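Asker: coordinates for the following, if possible.
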Amino acid sequence: MKSQTSALPPTIDDTAIWDSWLSQFRLPILTTNLEVGTFKALSDEALTTEELAQRLGVDARALTMHLAALCADGYVEKRLGRWRATALTRTWLHPEGTGNWTHFLNSIDRNEHLRSRLLESLRTGKRPDSGTDQRPAGWEQGTMAPEVAENICKFMHAHSQAPALGAARQPFFDEVKCLMDVGCGSGVYAIEIARAHPALKVILMDLKEVAAEAAKYVERYGVGAQVSTAGVNMFTEEWPTEADAHFFSNVFHDWSDATNRELAKRSFDALPSGGRIFLNEILMDDEYTGPYQAAAFSLLMLIGTLGKQYSLAEFRAILESAGFTDVEAQRTGGGYYSLVSARKP
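Answerer: Predicted coordinates for the structure are as follows:
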């Protein structure tokens, strides 16, 4: 007999799985920074990020992400804009200390692939193997193989179900008539939002191969009367203009500040007066010192994309540069996610 619990619908709490996934960075981040000398430098002197990057010969932007994860785990602290090693680090991670764990940690760190990628990106500031700080080839070409689109949608759908349920419960969407999910992936977010708000019309916008894959999820969830798809390259093609709100989830964290300003301006130009923009992201705190889950996710962006996890202050600057106003954020209750919102005057 089939177990009655084998097909339970997801709830909004999948944080234990996220914690396990992101824990992969805890040891490699230590051994990487032991190798470049972060702990010795900050044990000897309090330094700004830029001063420390110069001292170590690494990229300052990448170092910011490393320090955030180390701070969240208690190895460094930030006071008045300067970083300093904590007593824990000075005792156990200083290479000249009698309690030095360096050799032991290096000997047990078996995640050589992740460690090498962290080290390369820290030193160069670039996504490993990219050789460039430009957009990934898939977006430059404006197309991808159908099997790649299928795999992307499966991956994104798996880790987005709980946050999508959290986002769908937000009252903002009661005010929206037509929502466009930009860079939709499987469409998991907009599909759940549509299910929670039956009067809402939804457009799933992504590259044509991804949009075709998203259409399969629309059929699976039976929301075809509310949800349509649009195969559009968000960087090079005109956006549909019928939506009065745009929704981006895990999109801005893929890109640099400059590219995000471009995306925000494209959104602003396609929206009517009074239109809304929503960014569903795991936010860094304003001091960029944590929390750990956001900091570790930012490291994942560092080695896999051109972006990082942003703070609300950074998103406000990006959105206001495009003309949006009334920028705010609130936790959705969907795992570690927050929903940033703003309005076009």
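
Asker: measure the closest residue to Gly97 other than its chain neighbours to Thr289 for me?
Answerer: Spatial nearest neighbour of Gly97, chain neighbours left out: Thr91 (6.4 Å); criterion: C-beta to C-beta, 6 or more residues apart in numbering. Heads up, the C-betas are built off the backbone N, CA and C, glycines and all. Thr91 is 21 Å from Thr289, where distance means C-beta to C-beta, to the nearest Å.

Asker: follow-up on the earlier one: before we move on, what SS does the residue nearest to Gly97 have?
Answerer: What DSSP: H, G, I helix; E, B strand; the rest coil gives for Thr91 is helix.

Asker: wait, doesn't it sit right on Asn100?
Answerer: No. Thr91 lies out of contact with Asn100 (C-beta atoms under 8 Å); the separation is 9.2 Å.

Asker: which neighbours do the two share?
Answerer: The contact sets of Thr91 and Asn100 do not overlap (C-beta atoms under 8 Å, 6 or more residues apart in numbering).

Asker: let me see the contact set for Val340.
Answerer: Contacts of Val340 (C-beta under 8 Å, 6+ apart): 278-281, 283, 312, 315, 319, 327-329.

Asker: and the pLDDT for the residue nearest to Gly97?
Answerer: Confidence at Thr91, expressed as pLDDT, is 95.

Asker: which among the contacts of Val340 count as buried?
Answerer: Neighbour-count burial (16 or more other C-beta atoms under 10 Å) applied to the contacts of Val340 gives 278-281, 283, 312, 315, 319, 327, 329.

Asker: let me know the closest of these to Ala164.
Answerer: Asn280 (8.6 Å; C-beta to C-beta).

Asker: which one is that closest one nearest to, not counting chain neighbours?
Answerer: With C-beta to C-beta, 6+ apart, the residue lying closest to Asn280 is Ser249, at 3.8 Å.

Asker: so the one you found makes contact with Gln161?
Answerer: No. Look at Ser249 against Gln161 with C-beta under 8 Å: they stay out of range, at 11.9 Å.

Asker: out of the two, which sits in the more crowded spot?
Answerer: Taking neighbours as other C-beta atoms under 10 Å, Ser249 and Gln161 compare with Ser249 leading, 25 against 20.

Asker: so, low pLDDT: which residues of the stretch 1-150 of the chain?
Answerer: 1-9, 130-142 (pLDDT under 70).
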